[in-house]
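Novice: Give me a 3D structure for the following:
(2 chains)
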Amino acid sequence: MIGPYLEDVLIQLGINLILALSLYFPLSAGQLSLGQGGFMAIGAYVASWLTAAVGWPWPIAFAVAAAAAGVVGALVGLPALRVRGIYLVLMTMAFGEIVRVFFLNFTPTGAAQGFRGMPFVTSLPLVAVLALATAVLAARTAGSRMGRAFAAINRDELAAEVIGVDVTRAKLASFTVGAVVAGLAGALWAHYVQFIEPEEFGFARSVMPFTFVVVGGIETFWGAIVGAAVLTLLPEWLRFLKEWRLALYGVAMLAVMIVRPQGLIDHRLVGAVRRWLPGHAKEVAR
Amino acid sequence: MLLQQLVNGVMLGAVYALIAIGYTLIFGVLGMLHLAHGEVFMLGAFVGLVVVTVTSGNVMLALAAAMVATGLLGVLIERVAFRPLRGAHHLAPLATTIGVGIALQETARWYFGPEQKGFPATIALTLWELGPLRVSSVQVFILAAALVLMGAVSLFLGRTRAGRAVRATAEDPTVAGLLGVNVNAVVILVFFVASALAGAAGVLVGLAYNSVHPFIGVQMGIKGLVVMLLGGLGNVPGAMVGGLVLGILEVLGVAYFASSYRDAFAFGAVMLMLLLRPEGLLGLRLPRRD
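Specialist: Numbering: from 1, shown residues only, chains lettered A, B, ... in the order given. Predicted coordinates for the structure are as follows:
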């Protein structure tokens, strides 16, 4: 049995991990979104409204919420195909803020007062299973045809198009999958804290998964996972510093990036770990 | 009161413009976003508050002190969050500046406390009535200070040798370096000027709205980014125009719709702008770097 404190930290870790991967999907195809908080808000509000106001069972509500975030993701991803780099960052940021302002004014879900009444669903086993499923999806994607298309676009969009990658389809897919995963994270979060308000899903929330992914390393999905783990646990480890805790967190982030600009985990490290793991020799022999 | 709202909008817009000029100067020479710029603004407001309180109401001194302090802070940020990452992935500075921003927010919260603080009444408040228009001395001071600063930046960029070096570096850092421009010195200078403008904006906002707290930089920082985009990335006159447009748009939006929709105007404008006219309102040039 684990204590309630550890359970709380682990549940947050699982949700953060899913959120980090939601940003990793579009980023692996060269699209940085600083609007994941917006997709998370859509997932959280849709799922909460369905369970609390309509009374649907949570699995259906979660699925519909993730799908709704995905539909919005596709709708945002379509015009986003035209903009890249810093312009895409600014556009997704604007999207996230528009979603926040929408829910701030949307009275059916409580507007600024927030929304409550959803049941407690997000237990540790559920989070663990869904986080694992998302991680497996990321791992499977990385080795798939689609994942290679993402990587090719990330390296050089024009060259990818020349060698026959359907850039439009791949970019849209990566963006949409990211939105679905963020929506799922939102549904989980809402059914854990059982109270949501628009301000939680503002710019600060969108920046969170970005810091996870960049500190962890943008080269492989392992970076997103390790980054989410380290940056979720770091404030807990720093608890003894009392009010200096978050300031030190910021400084630690800065220090990691200066020492390792590519992030904690890069291809070299993943390769080294692979070679060191048992079973590698057999793989080579085959 | 359309005219009254326009005056308020111009005042707000002038402050936005000061912040956006900083963003756009830094983006111009480095091609990178500085996500702790809002926190530099916040510290400017606090330095102003402290100086005004200590000197019992010397606003000019507060403005000067805040500009020097934030200017130096900007140089420090360049040193720790940008310089070590030259040549790294272009997302790395976004992360380091977010780290710096968190550290600055938390330091301010520890030192000044989380609650809102008001400026003491510093400028003798006089109201002038020009027909239906009512303008206070505080508003006149803010507008005048912002206009003087913007004029000074324009003169600096357009008429001085150092300003020419900044423009050359923005055009192409490599060629500027080959032609004898000390690019590192230009970057440091740009950070000093950009951050000093943000610090001045902090003092002006403190005077205007009488409320300073450790997290005012977050929304202001985002608004500054919006204005930079409206004006066109790296375009200084564009940032000035963009600031006025957003300020007026917001004030009119609050006056004729609901205040809770205020931010939607800014971000709706961004989405439209990106889709229809990504080169910005003035559209002088579209930076290819991304």
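Novice: Excluding chain neighbours, what is closest to residue 215?
Specialist: Because you didn't say which chain, this covers chain A. Nearest non-adjacent residue to A:Val215, counting by CB to CB, 6 or more residues apart in numbering or on different chains: A:Gly227, 4.6 Å away. Backbone N, C-alpha and C define where each C-beta goes, glycine included.
Novice: To clarify, I was referring to chain B.
Specialist: B:Gln105 (6.3 Å).
Novice: quick revisit: was I right to think the residue nearest to A:Val215 contacts A:Val213?
Specialist: Yes - counting by CB atoms under 8 Å, A:Val213 is a contact partner of A:Gly227 at 5.7 Å.
Novice: Spell out which residues are contacts of both of the two.
Specialist: Common contact partners of A:Gly227 and A:Val213 (CB atoms under 8 Å, 6 or more residues apart in numbering or on different chains): A:Ala20, A:Gly263.
Novice: What is the neighbour count of B:His258?
Specialist: Heads up, residue B:258 is Ala, not His. 10 (other CB atoms under 10 Å in any protein chain shown).
Novice: repeat for A:Trp56
Specialist: 16.
Novice: what does B:Thr174 give?
Specialist: Taking other CB under 10 Å as the criterion, the count of residues near B:Thr174 is 9.
Novice: hmm, back to that, quick one, grab the pLDDT at the residue nearest to B:Phe215.
Specialist: You'll see B:Gln105 listed with a pLDDT of 93.
Novice: Kindly report the same for A:Leu104.
Specialist: Note on A:Leu104: pLDDT of 91.
Novice: OK, contacts around it?
Specialist: The contact partners of A:Leu104, taken as CB under 8 Å, 6+ apart, are A:Ala111, A:Ala112, A:Pro198, A:Glu199, B:Ser260.
Novice: can we see that at 6 Å?
Specialist: By CB atoms under 6 Å, 6 or more residues apart in numbering or on different chains, A:Leu104 lies in contact with A:Ala112, A:Pro198, B:Ser260.
Novice: what's the neighbour count on B:Gly221?
Specialist: Residues lying near B:Gly221 (other CB under 10 Å) number 24.
Novice: any idea which element the residue nearest to B:Phe215 lies in?
Specialist: helix B:92-112 (DSSP states H and E).
Novice: thinking again about what came up before, tell me which element the residue nearest to A:Val215 is part of?
Specialist: Using DSSP H and E, A:Gly227 maps to helix A:221-237.
Novice: Phi first, then psi, for A:Phe195.
Specialist: Here is the backbone geometry of A:Phe195 (degrees, to the nearest 10): phi -160, psi 130.
Novice: List the residues that contact it.
Specialist: A:Gly114, A:Arg116.
Novice: Report the beta-bridge partners for it.
Specialist: In this structure, A:Phe195 bridges to A:Arg116 when assessed by DSSP bridges.
Novice: Please list the residues of the stretch 151-290 of chain B that sit near chain A.
Specialist: Residues of the stretch 151-290 of chain B found near chain A (CB under 6 Å from any CB of the partner chain) are B:Ile222, B:Leu229, B:Ser260, B:Asp263, B:Ala264, B:Phe267, B:Val270, B:Met271, B:Leu274, B:Leu275, B:Pro278, B:Asp290.
Novice: and the first one, that's in a strand?
Specialist: When you say that, I think you mean B:Ile222. No - applying DSSP: H, G, I helix; E, B strand; the rest coil, one finds B:Ile222 to be helix, outside a strand.
Novice: pLDDT (mean, whole number) over stretch A:247-259?
Specialist: For stretch A:247-259, mean pLDDT rounds to 87.
Novice: Show me how far it is from its chain's centre.
Specialist: 21 Å (CA atoms, centre = their mean, to the nearest Å).
Novice: Return the list of helices and strands in contact with the helix or strand B:Gln4 falls within.
Specialist: Using DSSP H and E, B:Gln4 falls within helix B:2-30. Under the contact definition 3 or more CB pairs under 6 Å, 6 or more residues apart in numbering or on different chains; DSSP states H and E, helix B:2-30 sits against helix B:37-54, helix B:137-159, helix B:161-171, helix B:183-209, helix B:216-231, helix B:236-256.
Novice: Any regions of the stretch 151-286 of chain A where pLDDT drops low?
Specialist: Counting by pLDDT under 70, the stretch 151-286 of chain A contains low-confidence residues at A:279-286.
Novice: what residues does it put near chain B?
Specialist: Counting by CB under 6 Å from any CB, the stretch 151-286 of chain A comes close to chain B at A:203, A:207, A:211, A:214, A:243, A:246-247, A:250-251, A:253-254, A:257-258, A:261.
Novice: Residue ranges in chain B under the pLDDT threshold?
Specialist: Scanning chain B with the threshold set as pLDDT under 70 gives B:121-125, B:283-290.
Novice: Let me see the contact set for B:Leu252.
Specialist: With CB under 6 Å, 6+ apart, B:Leu252 has these contacts: B:Gln5.
Novice: Also A:Gln36?
Specialist: A:Ser22, A:Leu23, A:Ala182, A:Ser206, A:Pro209.
Novice: which of those residues tops the neighbour count?
Specialist: Within the contacts of A:Gln36, most neighbours by other CB under 10 Å means A:Ala182, with 35 neighbours.
Novice: What count of nearby residues applies to the residue in chain A that chain B sits nearest to?
Specialist: Per CB to the nearest CB, A:Gly85 is where chain A lies closest to chain B, at 2.4 Å. The local packing of A:Gly85 (other CB under 10 Å) involves 17 other residues.
Novice: same deal with B:Gln4?
Specialist: 14.
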